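Novice: Prediction below, plus the sequence it came from.
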Amino acid sequence: MPEPSKTSRSPAPRTVAAASQRLKVRRELAAAAMELFATKGYEETTVDEIASAAGVARRTFFRHYRSKEEAIFPDHDETLVRAQAVLEAAPPHENPLDTVCRGIKEVMRMYASSPQGSVERYKLTREVPALREAEIASVARYERLFTRYLLGHFDEKHQEGGGDLDEPLLAEVAASAVVTAHNHVLRRWLRSGGVGDVEAQLDKAFAVVRRTFGTGFGANRAVEATRTPVPGEESEVLVTVARTDAPLTEIMGSIEEALRNR
């Protein structure tokens, strides 16, 4: 008697256990690094000391992190995967900008899952330039993900009404606006000690982004996962300057004005 075909299989228990153990070790290393950076100082702390405090060998540390500054950002890789999953599973009639806003909420939930740890990490990144640079690099990965997504969702009717619409620029600026709104709310929440309903604050910030950049994107469009650059093509970059404590409406206004006057 033939065996029934197996079209789908759940992850093997051993695979799930290995992934769980890997995440556990990553977080233990991150906790050890945070404690040593806070008590001993970033520059004075070595990888060997972090590994020893977490109860693992030096080579184990480098299986999980490339450098000691990476060790205090243990969840960004996993969060990036979750954000991408939000984009891939978006309802067909959802405004793509709303999808991106939902995607970056995964980042906020990562921080909100451990308010005290996030506040301590924020203090460290303000004091140590190398950690700040590592954090900026992580944020840039989300921004690139959202830009690629928005590039595949331009509203053809909107473009016909305004022939000078620069799709790559609009996608990049809109994605940047979502990330800027997220970071603005996140910094304010961290400075307050991680107290309050940060997702509700984020929703208010996203309302400002939607009013500014909500047109130009349409649902039911095939998504281009990656835009291949043309050899020799120069990317256009929009730069604006605003105080970190400026109201979000002021920040969005400066971006909108720079976009009009580019």
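Specialist: That came in fine, so what should we check first? Residues are numbered from 1 along each chain as shown.

Novice: what residue ranges in the stretch 151-262 of the chain score low on pLDDT?
Specialist: 154-165, 214-262 (pLDDT under 70).

Novice: same question for the helix ranked longest in the chain, mean pLDDT?
Specialist: Identified as the longest helix of the chain according to DSSP state H is helix 13-39. Mean pLDDT, taken over the full extent of helix 13-39, equals 85.

Novice: list the helices and strands the helix or strand following it packs on?
Specialist: Using DSSP states H and E, the helix or strand that follows helix 13-39 towards the C-terminus is helix 47-54. Applying 3 or more C-beta pairs under 8 Å, 6 or more residues apart in numbering; DSSP states H and E, one finds that helix 47-54 contacts helix 13-39, helix 58-64. In this view, the C-beta of every residue, glycine as well, is placed from N, C-alpha and C.

Novice: contact partners of helix 47-54?
Specialist: The list of residues contacting helix 47-54 from outside it, by C-beta atoms under 8 Å, 6 or more residues apart in numbering, reads 25, 28-29, 31-33, 35-36, 40, 57-58, 60-62, 67-68, 71.

Novice: which non-adjacent residue is nearest Arg22?
Specialist: For Arg22, ignoring the flanking residues on the chain, the nearest one in space by C-beta to C-beta, 6 or more residues apart in numbering is His64 at 7.4 Å.

Novice: cool, and Gly194?
Specialist: Pro115 (3.2 Å).

Novice: and that neighbour, how many neighbours?
Specialist: Here the number of neighbours of Pro115 (other C-beta atoms under 10 Å) works out to 16.

Novice: Repeat that for Gly55.
Specialist: Count around Gly55 with other C-beta under 10 Å applied: 11.

Novice: Look up how far Lys68 lies from it.
Specialist: Taken as C-beta to C-beta, to the nearest Å, the spacing of Gly55 relative to Lys68 amounts to 17 Å.

Novice: coming back round to it: quick check on the residue nearest to Gly194: phi, psi?
Specialist: phi -60, psi -50 (degrees, to the nearest 10).

Novice: ditto for Gly55
Specialist: phi 80, psi 30.

Novice: What sits closest to it if chain neighbours are left out?
Specialist: What sits nearest to Gly55 in space, not counting adjacent residues and going by C-beta to C-beta, 6+ apart, is Glu28, at 7.5 Å.

Novice: right, and the one you found touches His64 too?
Specialist: No. Glu28 is not in contact with His64 according to C-beta atoms under 8 Å; the separation is 9.7 Å.

Novice: Mind checking which of these two has more residues around it?
Specialist: For Glu28 and His64, the more surrounded residue by other C-beta under 10 Å is His64, and the numbers stand at 20 against 17.

Novice: shouldn't the more buried one be in contact with Arg26?
Specialist: Yes. With contacts counted by C-beta under 8 Å, His64 reaches Arg26, the gap being 5.0 Å.

Novice: rewinding a little: which one of the helices and strands packed on helix 47-54 lies closest to Leu150?
Specialist: Of all these, helix 13-39 sits nearest to Leu150, with 30.5 Å by C-beta to C-beta.

Novice: Which elements pack onto the closest one?
Specialist: Contact here means 3+ C-beta pairs under 8 Å, 6+ apart; on that basis helix 13-39 packs against helix 47-54, helix 58-64, helix 115-127.

Novice: Please give the element, helix or strand, for the spatially most central residue of the chain.
Specialist: Geometric centre of the chain, nearest residue: Tyr142, 3.8 Å, by C-alpha atoms, centre = their mean. Counting by DSSP H and E, the element that carries Tyr142 is helix 129-151.

Novice: Residues in contact with that helix: which ones?
Specialist: Outside helix 129-151, the residues within contact range by C-beta under 8 Å, 6+ apart are 42, 69-70, 72-73, 76, 80, 83-84, 87, 96-97, 99-100, 103-104, 107, 124-126, 167-168, 170-172, 174-176, 178-179, 183, 217, 223-227.

Novice: Tell me the buried residues in stretch 101-114?
Specialist: Of the residues in stretch 101-114, those buried by neighbour count under the rule 16 or more other C-beta atoms under 10 Å are Cys101, Arg102, Gly103, Ile104, Lys105, Glu106, Val107, Met108, Met110, Tyr111, Ala112.

Novice: Appreciated, that's everything.
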